[in-house]
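Student: sequence unavailable; structure follows:
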């Protein structure tokens with residue numbers, strides 16, 4: 001039975017909640033916690049999304065919070081948000097400032113459904129409970145703590161009037177049966193602990209991520225206070241870039257005699273030209289973007305004068321200064337909201353960068369400034385991922401550190417086996433990289449034309465790591481490597497039991513969606529097929545190279561006829577679609593069912609003549625495959641079919657199978 005929230009706990013957690021924040025109450029019961037937070041924080045300051053799956057309890061919640069709901073302060077939901085990431089996307093919520101979860105045994109599923117928001121640091125604070133017997137608490141909490149540690153959150157036990165920091169190994173200090181915990185995103189930790197505000201430690205981060213500094217480009221250098229840090233890090237080259245002419249004079253005098261240091265008086269942007277620099281009341285807050293006067297930071301960013309300065313891209317500046325980009329492997333950018341513009345003008349220089357320390361914004365402090373999500377997206381596409389953040393002074397801004405992702409490639413992709421082999425090879429490459437924060441490079445292959453896949457080309461040769469074609473989940477030397485394999489080139493077929501790929505099911509499917517022009521052609525063709533009946537039964541019979549190649553074997557056609565005899569009559573207006581690499585050879589055998597083939601649909605894809613068969617197999621209502629990765633891979637993409645069957649040699653017939661929990665080939 002749920003009880004009213006403890007006022008001491010409410011006071012503790014609401015210290016983290018500010019005006020205008022978005023709060024989620026998952027497992028809201030009858031609204032006690034939501035109402036207490038509203039009263040503590042002021043009713044006009046928050047938007048709270050409340051979730052209560054029980055219909056009866058939900059009605060009480062709506063009654064108790066009727067006034068706040070009518071004012072739009074509370075948005076009630078009669079379900080449990082097991083896909084919190086999707087809910088936020090639908091509501092266009094970029095950040096949850098405070099998430100409270102009290103959903104009993106379903107709490108872990110909420111955690112998992114918010115993994116995208118957690119990994120990107122889009123949830124500031126997260127409150128959750130443990131109400132199991134004391135000796136079982138560590139076991140119960142381990143899955144939660146694994147997620148929190150992975151996503152760089154610290155966690156605290158909430159007492160009546162304070163937070164007690166916890167280690168990632170539990171220690172029991174009392175005999176309470178219910179404990180309430182608060183997880184805090186890394187960027188707020190110093191404030192939560194009452195520590196002296198500190199920005200990120202560049203030297204420490206470089207050590208942690210095995211970056212050996214060669215040189216640094218510091219954009220928005222101000223007076224070059226960091227020169228001592230760079231010297232201690234044994235930088236051989238430093239380029240300071242400062243836009244403000246008056247500040248630049250002071251900077252130049254300060255570093256003029258230091259060997260290996262260059263200076264430049266420009267605003268770095270995404271294009272060359274002239275821009276207005278807004279000189280702020282706090283000189284270090286000056287920006288080429290005008291300040292947003294409604295911002296809480298406007299006391300520092302208010303413009304007191306303007307000066308027109310020359311703008312350049314970093315790539316062109318290095319050329320003009322005759323500086324080689326290879327000399328620099330660190331970027332430090334602090335230009336008050338214009339950071340993304342500088343990055344967009346540095347695409348060539350970024351190829352040589354290993355680490356980026358950059359100021360990021362969580363609110364629009366400057367008009368049109370990029371928020372952290374946009375920085376994440378740009379740098380993700382450039383091959384970097386964020387590994388640290390800090391907001392010690394104010395939640396609306398802070399610093400972030402990005403490192404270049406190690407790279408994996410597959411130079412034989414497109415040459416090692418047919419179409420479906422290539423799908424498994426690419427799917428493995430992408431999911432392996434996704435789990436381990438790696439960058440993928442590929443050669444040209446058919447997936448680029450069919451699916452619009454645009455991974456960067458292979459830029460250098462790497463050591464080859466080969467996987468035995470018959471390896472399984474237990475024997476795979478790649479999957480069972482004690483450390484993630486990085487900066488290597490994979491070779492293999494990677495047709496593991498698909499239980500391995502099941503956790504990536506939606507991502508896998510998203511990879512292999514046809515590009516617009518092909519999708520339109522295939523939709524038109526499929527509508528022609530659907531016009532002939534209501535239930536599409538798709539059959540695949542593979543011939544050709546299957547006569548003599550291990551581990552493939554051809555199932556007798558009679559198995560398919562026998563399956564149809566017992567199945568066809570149970571379907572509503574069935575239509576038989578026949579897919580084969582030698583369709584004319586097998587078509588006559590199924591004449592009683594008046595089979596339709598790709599030729600009958602009138603679709604022409606000269607660049608991939610096999611694809612219409614693959615598309616129908618991936619959209620049919622019932623699918624019977626060959627012992628072939630071609631139709632098996634299509635089944636993995638099929639979200640429509642209620643029946644999947646495959647030939648089984650020991651049984652001498654077709655048997656049902658689950659595409660996401662089966663071996664792709666039966667040997």
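Tutor: Everything's here; your move. What you are looking at is a predicted structure, and each value in this text was computed from that prediction instead of being measured. Numbers count the residues shown, from 1 in each chain.

Student: contacts and neighbour counts: CA atoms only from here.
Tutor: Noted.

Student: in the chain, what helix or strand scores lowest on average pLDDT?
Tutor: helix 7-14 (a mean of 72; mean pLDDT, DSSP states H and E).

Student: C-terminal to it, what's the next element?
Tutor: strand 22-26 (DSSP states H and E).

Student: list of residues touching that next one?
Tutor: Strand 22-26 is contacted by residues 33-34, 46-52, 80-81, 95-103 when judged by CA atoms under 8 Å, 6 or more residues apart in numbering.

Student: from those residues, which land in helices?
Tutor: If you go by DSSP state H, the contacts of strand 22-26 have 33-34 in helices.

Student: from the contacts of strand 22-26, keep the buried residues only.
Tutor: 33-34, 46-52, 80-81, 95-103 (16 or more other CA atoms under 10 Å).

Student: a strand runs through residue 465, doesn't it?
Tutor: Yes - assessed with DSSP: H, G, I helix; E, B strand; the rest coil, residue 465 lies in a strand.

Student: ok, now which ones touch it?
Tutor: Residue 465 makes contacts with 478, 488-491, as judged by CA under 8 Å, 6+ apart.

Student: kindly reformat the residues you listed as JSON lines containing pLDDT and neighbour count.
Tutor: As requested, these are exported to JSON lines (pLDDT from 0 to 100; neighbours: other CA atoms under 10 Å):
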{"residue": "478", "pLDDT": "95", "neighbour count": "19"}
{"residue": "488", "pLDDT": "96", "neighbour count": "16"}
{"residue": "489", "pLDDT": "96", "neighbour count": "23"}
{"residue": "490", "pLDDT": "97", "neighbour count": "24"}
{"residue": "491", "pLDDT": "97", "neighbour count": "19"}
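
Student: host element of the most centrally placed residue in the chain?
Tutor: The structure's the chain has its C-alpha centroid closest to residue 116; by CA atoms, centre = their mean the separation is 5.8 Å. For residue 116, the element it lies in under DSSP H and E is helix 115-119.

Student: which elements pack onto that helix?
Tutor: helix 84-90, helix 137-150 (3 or more CA pairs under 8 Å, 6 or more residues apart in numbering; DSSP states H and E).

Student: dump those helices to JSON lines, plus distance to residue 297, mean neighbour count and mean pLDDT.
Tutor: Output for the helices and strands packed on helix 115-119, formatted as JSON lines (distance: least, CA to CA, whole Å; neighbours: other CA atoms under 10 Å; pLDDT from 0 to 100):
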{"stretch": "helix 84-90", "distance to residue 297": "27", "mean neighbour count": "15", "mean pLDDT": "94"}
{"stretch": "helix 137-150", "distance to residue 297": "31", "mean neighbour count": "16", "mean pLDDT": "81"}
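
Student: any chance of the ones you listed in CSV, plus distance to residue 368?
Tutor: Output for the helices and strands packed on helix 115-119, formatted as CSV (distance: least, CA to CA, whole Å):
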stretch, distance to residue 368
helix 84-90, 21
helix 137-150, 32
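
Student: ok, which of those comes nearest residue 614?
Tutor: Nearest to residue 614 among the helices and strands packed on helix 115-119 is helix 84-90 (29.1 Å), distances taken as CA to CA.

Student: now what about the closest one, what contacts it?
Tutor: Applying CA under 8 Å, 6+ apart, the set of residues contacting helix 84-90 from outside is 81, 94, 110, 113-117.

Student: turn these into JSON lines, columns for pLDDT and distance to residue 459.
Tutor: Listed next are those as JSON lines, based on pLDDT from 0 to 100; distance: CA to CA, whole Å:
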{"residue": "81", "pLDDT": "94", "distance to residue 459": "43"}
{"residue": "94", "pLDDT": "91", "distance to residue 459": "35"}
{"residue": "110", "pLDDT": "92", "distance to residue 459": "40"}
{"residue": "113", "pLDDT": "92", "distance to residue 459": "36"}
{"residue": "114", "pLDDT": "94", "distance to residue 459": "35"}
{"residue": "115", "pLDDT": "92", "distance to residue 459": "32"}
{"residue": "116", "pLDDT": "91", "distance to residue 459": "30"}
{"residue": "117", "pLDDT": "94", "distance to residue 459": "32"}
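
Student: between the residues you listed, which is closest to residue 438?
Tutor: Of all these, residue 116 has the smallest distance to residue 438: 16.6 Å, by CA to CA.

Student: quick check: closest non-adjacent residue to the closest one.
Tutor: Nearest non-adjacent residue to residue 116, counting by CA to CA, 6 or more residues apart in numbering: residue 85, 6.2 Å away.

Student: state the distance from that neighbour to residue 118.
Tutor: For residue 85, the distance to residue 118 equals 9 Å [CA to CA, to the nearest Å].

Student: what helices or strands is the least confident helix or strand of the chain leaning on?
Tutor: Contacts defined by 3+ CA pairs under 8 Å, 6+ apart place helix 7-14 against helix 32-41.

Student: show me what the helix it packs on is packed against.
Tutor: Under the contact definition 3+ CA pairs under 8 Å, 6+ apart, helix 32-41 sits against helix 7-14.

Student: contact partners of the helix it packs on?
Tutor: Residues outside helix 7-14 that contact it (CA under 8 Å, 6+ apart) are 36-37, 40-41, 158-163, 182.

Student: dihedrals phi and psi, residue 659?
Tutor: The phi/psi pair for residue 659 (degrees, to the nearest 10) reads phi -60, psi -20.

Student: which SS class is the nearest residue to it once chain neighbours are set aside?
Tutor: Nearest residue to residue 659, sequence neighbours excluded (CA to CA, 6+ apart): residue 636, at 5.2 Å. Secondary structure for residue 636, judged by three-state DSSP, is helix.

Student: what's around residue 186, how many residues?
Tutor: Neighbour count for residue 186, taken as other CA atoms under 10 Å: 19.

Student: low-scoring stretches of the stretch 551-667 of the chain, by residue?
Tutor: The stretch 551-667 of the chain contains residues with pLDDT under 70 at 551-552.

Student: cool, the chain as well?
Tutor: Flagging of the chain using pLDDT under 70 yields the residue ranges 1-8, 43-44, 131-139, 160-161, 168-177, 544-552.

Student: need the outlier residue of it, farthest from its centre.
Tutor: Centroid-distance maximum for the chain: residue 592 at 49.6 Å, with CA atoms, centre = their mean.

Student: then that one would be within a strand, right?
Tutor: No - counting by three-state DSSP, residue 592 falls outside a strand, being helix.

Student: wait, isn't residue 79 in contact with residue 53?
Tutor: Yes - in this structure, residue 79 is within contact of residue 53 by CA atoms under 8 Å, at 4.0 Å.

Student: one step back: the helices and strands packed on helix 115-119: which one's closest to residue 509?
Tutor: When the helices and strands packed on helix 115-119 are compared (using CA to CA), the closest one is helix 84-90, at 16.6 Å.

Student: roughly how far out does that closest one sit from the chain middle?
Tutor: Relative to its chain's centre, helix 84-90 lies at 13 Å (CA atoms, centre = their mean, to the nearest Å).

Student: ok, now stretch 38-57?
Tutor: Centre to centre, stretch against its chain (CA atoms, centre = their mean), the figure for stretch 38-57 is 29 Å.

Student: ends of it, how far apart?
Tutor: End-to-end for stretch 38-57, by CA to CA: 20 Å.
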